[in-house]
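*Asks:* Need coordinates for the below:
(chains A and B)
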Amino acid sequence: DAGVIQSPRHEVTEMGQEVTLRCKPISGHNSLFWYRQTMMRGLELLIYFNNNVPIDDSGMPEDRFSAKMPNASFSTLKIQPSEPRDSAVYFCASSLEVPGTSGYKQETQYFGPGTRLLVL
Amino acid sequence: KNQVEQSPQSLIILEGKNCTLQCNYTVSPFSNLRWYKQDTGRGPVSLTIMTFSENTKSNGRYTATLDADTKQSSLHITASQLSDSASYICVVSHLSGGYNKLIFGAGTRLAVHP
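*Replies:* Take a look at the predicted model:
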């Protein structure tokens, strides 16, 4: 398997522009995560999908951010309009969650290589 | 409040030496604890996952321990190599609404010098 695939790897854009980040999870995984990482704030979970349904989007900063997962093999994270403070590395990760006795048991998360976003 | 704190913030050691990284958490109800290694410019890679009933788990030269009573975990690196230079992130998972919610530590930046 190629692992989690993200595109683009780098994106430079001007403030106010729309940015779309893409992710292809590992085949067979049913959970997908979008993270943002900065020096100041470390790694932050933005949104988490299970079986294509958003489960936890409490980390999405504001209405300018939206994420979709139209099918099991593709997800997008969109920022519109982008601002300089959105500059960060955005990671997508996937895992397999299996039902357990007290809730879903999550197996290892596999991270993609990240998209380095710079908003000027 | 659910929190994960790691120490030290950064660490420099000489190649071949051992080191131990610490992780304290106040997360409830606890589901599992993971250690990730993140090389510069790359995504995190999972080293270990431990559930409540596990108190030690090894992955090569990496050994993680978990004390669920004191809510502490450590990651011990034996015979360090230059390639161990990376950030090590402790992540604690708790169940919320039947799903795992992840709480991240800020990481420990390790530099191994020749």
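*Asks:* which residues does residue B:73 form a beta bridge with?
*Replies:* Counting by DSSP bridges, residue B:73 is bridged to residue B:23, residue B:66.
*Asks:* Mind listing residues that contact stretch A:79-87?
*Replies:* A:13-19, A:38, A:64-66, A:117-120 (CB atoms under 8 Å, 6 or more residues apart in numbering or on different chains). For every residue, glycine as well, the C-beta is placed using N, CA and C.
*Asks:* So which bits of that stretch are buried?
*Replies:* A:79, A:82, A:86, A:87 (16 or more other CB atoms under 10 Å in any protein chain shown).
*Asks:* backbone phi and psi for residue B:79, please?
*Replies:* Main-chain torsions, residue B:79, degrees, to the nearest 10: phi 50, psi 60.
*Asks:* okay but it is in contact with residue B:13, surely?
*Replies:* No - Residue B:79 is beyond contact range of residue B:13, at 11.0 Å (criterion: CB atoms under 8 Å).
*Asks:* Settle it for me: which of these two has more neighbours?
*Replies:* residue B:13 (16 against 10; other CB atoms under 10 Å in any protein chain shown).
*Asks:* who are the neighbours in contact with the more buried one?
*Replies:* B:19, B:80, B:110, B:111, B:112, B:113.
*Asks:* 7 Å instead, please
*Replies:* When contacts are counted by CB atoms under 7 Å, 6 or more residues apart in numbering or on different chains, residue B:13 is found next to B:19, B:80, B:112.
*Asks:* Kindly report the same for residue B:66.
*Replies:* With CB under 7 Å, 6+ apart, residue B:66 has these contacts: B:33, B:50, B:54, B:55, B:73.
*Asks:* Setting the sequence-adjacent residues aside, check what's closest to the third one.
*Replies:* Same thing as residue B:54. residue B:66 (6.3 Å; CB to CB, 6 or more residues apart in numbering or on different chains).
*Asks:* so what pLDDT did the one you found get?
*Replies:* pLDDT recorded at residue B:66 is 96.
*Asks:* picking that back up, buried only: go through the contacts of stretch A:79-87 for me.
*Replies:* The neighbour count (16+ other CB under 10 Å) marks A:13, A:19, A:65, A:117, A:119 as buried among the contacts of stretch A:79-87.
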